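# Below: sequence and its predicted model.
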Amino acid sequence: MERLTTAAARNIFYGGSIFFFVIFALLVGNSYMQARDIELNHPISADAARGKRVWEKKACFDCHTLFGEGARFAPELGKVWLKYGGDKDPASAEETFKAWFAAQPSRTEGRHQMPQLHLSDGDVHDMAEFLRWTALVDTQNWPPQPKK
Amino acid sequence: MKYPSQSVALPYFIGALTIFSLQLVFGLIGATMYVAPNLIPPELLPFSVVRMIHTNALIVWLLLGFFGATYFLLPEETERDIWSPMLAKVQFWLFFVAAAVAVVGYLFGNYDGRSYLEQPIYIKVGIVVVALMFLLNISMTALAGRRTVITGILLMGLWGVAIFFLFAFYVPANVVIDKMFWWWVVHLWVEGVWELVMAAILAFLLIKLTGVDREVVEKWLYVIIGTALFSGILGTGHHYYWIGAPAYWQWIGTIFSAVEPLPFFAMVLFAFAMVWKGRRDHPNHAALLWSLGCAVTAFFGAGVLGFLHTLAPVNYYTHGTQVTAAHGHLAFYGAYAMVNLAIITYAMPPLLGRAPYNQTLNVLSFWTMTTGVGVMSAALTFAGVLQTHLERVMGQDYMDVQQQLGLFYTIRLYGGVMTAAGLVMFLIAMLVPGRRTVPVAVALAPAE
């Protein structure tokens, strides 16, 4: 510490910060391009984009997580489309979603309560399209899938 | 108080403590919902709204505290009065009213956005206007006055806060890209520019409280914030592991996150070294206790609890569990709540024109609040580890696992009640005038 002058410490700080930020920005740029590539095979439909807006306007993330991010009051939903077999029978998965939304709140004793969101049929369809798209994202095998 | 314009800090600090109280009220409601989910019907108040008020109130009160701290310390650092005290007052009311409008709106279902950024668009624009007023005011003050390292780092941090907030307006339909840039606000704030603000405030406090030479502090300051940014910028990678970004982030995030505890450890060494070197026995012992406690608790909350789950192979299992909540609570409290409570403890006596009364109560509030948050974080850590095992290793269903965590959620609620009791003591110690000055020996007891 004694040999390091304040001026040298300052220069290391500014130089280093700029250096690491440039590397970070370049890597994020690369990741951005790769994320756009997902859309080549799986374009984001207008319905899916609207579904994301429903997700935001109803603040779903303030109870649920999506790819592990959000609140931890309710289950992870990134791959929920696959859980309800949406990849095999999309119409039936959407019906399941609709019935689920309609049944809230459950009022089951001791169980976290989901509010009645008053979604229109169009909202439910858009939400399903949004979650169908999120299920396509390569999350590096997350969440872990232990054998039951 | 050397400069009259320092008094504009007073409404900011009182506003900060008001919103802090609001944060704890909604924290207690949320914690109760984990224990008794059917107590409050979701038609009246859903958990989502409770959480957004809890987290938004946290950010708003910490920012109010940073604004107040800046207005308080800038005249002493620059040896100039604030450029426009009137603008500072207008800025306070604009921000405070915007926050109140947002909270009332939330209760009526008026929200839109991503986590922490639920504010409707007109509130977000209002925040930018407030930030511009603030930056203009403090930059004009700093440009006219004495240049110090503390001022430079503080201003760099505050400009960064405003610049990275602009990514709140970028909401692409591609959820992977959306998440990547959402972290440009959230991570680059709390593990980036906020650390500059915190380090600058802490350095100011240590100079005032211990009387050490500015030159010694300045070198330390550059080393600390250097390690903070060198590790923290690419440390953003630990948020990119499982959101659809490329796999190389697992290596980058792991390596750089492993270094992230270092600046917090350096801050502990720095704070204690300054106290040992210092010759001044400042009468405000409580302020020194909060300053040292801030460095130590930030190290445990941000450094140790963060490191616990930041490595990619570990995070694969713990990501999105209560482990994150445990870390979040202690880290925010240690690093940012405590630095604000330190500067408020230091600044309130001169702002209110009286000697530091009620130090015993303030010291007691320090231990009560810190123990309360510690209990909460410990309970959530246990809950998170158990949740990780049952859900991610044994493969049990999410809701079935939640039913088994009741004990820990109950302990967390008790920790929350204790934290709130600590805040009540703090408010009394700050705002109710005492009868005599009580310099207490207990304030110099070891911080942790």
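Cool, got the structure.

# Strands along chain A, start to end?
Here chain A has its strands, by DSSP state E, at A:65-66, A:69-70.

# Which strands border the last one, and is each parallel or antiparallel?
It stands for strand A:69-70. With DSSP bridges as the test, strand A:69-70 is paired with strand A:65-66 (antiparallel).

# I would like the residues contacting the partner strand, please.
Here strand A:65-66 makes contact (CB atoms under 8 Å, 6 or more residues apart in numbering or on different chains) with A:Trp55, A:Cys60, A:Ala71, A:Arg72, A:Pro75, A:Glu76, A:Leu77, A:Gly78, A:Thr134, B:Val175, B:Gly320. From N, CA and C alone the C-beta is placed, and that goes for glycine too.

# Filter the residues you listed down to just the ones in helices.
Among those, DSSP state H puts A:Trp55, A:Thr134, B:Val175 in helices.

# ranking the residues you listed by neighbours, who comes first?
B:Val175 (24 neighbours; other CB atoms under 10 Å in any protein chain shown).

# Can you give the domain ranges for chain A?
Domain ranges of chain A: A:1-41, A:44-148, per automatic domain parsing.

# do you know how far the residue nearest to A:Lys98 when sequence neighbours are not counted is from A:Phe67?
Excluding the flanking residues, the one nearest A:Lys98 by CB to CB, 6 or more residues apart in numbering or on different chains is A:Val124, at 4.9 Å. Distance of A:Val124 to A:Phe67, given as CB to CB, to the nearest Å: 22 Å.

# One more: B:Gly211?
Separation of B:Gly211 from A:Phe67 (CB to CB): 50 Å.

# In the sheet, which residues pair with the residue most central in space within chain A? Tell me.
Taking CA atoms, centre = their mean, the centroid of chain A lies closest to A:Leu66, which sits 3.5 Å from it. Here A:Leu66 sits in beta bridges with A:Glu69, as judged by DSSP bridges.

# Which residues of the stretch 301-448 of chain B lie near chain A?
Where the stretch 301-448 of chain B comes near chain A, counting by CB under 8 Å from any CB of the partner chain, the residues are B:316-317, B:319-322, B:324-325, B:392-395, B:398-399, B:402-403.

# Kindly recompute the last result at 6 Å.
By CB under 6 Å from any CB of the partner chain, the residues of the stretch 301-448 of chain B that approach chain A are B:His319, B:Gly320, B:Gln322, B:Arg392, B:Val393, B:Gly395, B:Tyr398.

# Could you point out which of those residues is nearest to B:Ala379?
B:Ala379 lies nearest to B:Gln322 out of those, by CB to CB, at 8.9 Å.

# you'd agree that closest one is up against B:Leu380?
Yes - using CB atoms under 6 Å, B:Gln322 is in contact with B:Leu380, at 4.8 Å.

# neighbour count winner among the two?
Using other CB under 10 Å as the criterion, B:Gln322 and B:Leu380 rank with B:Leu380 on top: 29 against 26.

# Low-confidence regions, chain B specifically.
Along chain B, the model assigns pLDDT under 70 to residues B:434-448.

# Could you pick out the longest helix of it?
helix B:47-78.

# the inter-axis angle of the helix or strand following that one versus helix B:47-78?
Using DSSP states H and E, the helix or strand that follows helix B:47-78 towards the C-terminus is helix B:85-107. On the basis of axes from the mean of the first three to the mean of the last three CA atoms, to 10 degrees, helix B:85-107 is oriented at 170 degrees to helix B:47-78.

# hmm, back to that, can you redo the residues of the stretch 301-448 of chain B next to chain A as a markdown table with secondary structure?
Formatted as a markdown table, those follow (DSSP: H, G, I helix; E, B strand; the rest coil):
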| residue | secondary structure |
| --- | --- |
| B:His319 | coil |
| B:Gly320 | coil |
| B:Gln322 | helix |
| B:Arg392 | helix |
| B:Val393 | helix |
| B:Gly395 | coil |
| B:Tyr398 | helix |
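
# Return the residues in contact with B:Leu135.
B:Leu135 makes contact with B:Ala162 under the criterion CB atoms under 6 Å, 6 or more residues apart in numbering or on different chains.

# quick one, the host helix or strand of it and helix B:47-78 angle?
Using DSSP H and E, B:Leu135 sits within helix B:121-144. Comparing the axes of helix B:121-144 and helix B:47-78 via the same axes, to 10 degrees yields an angle of 10 degrees.
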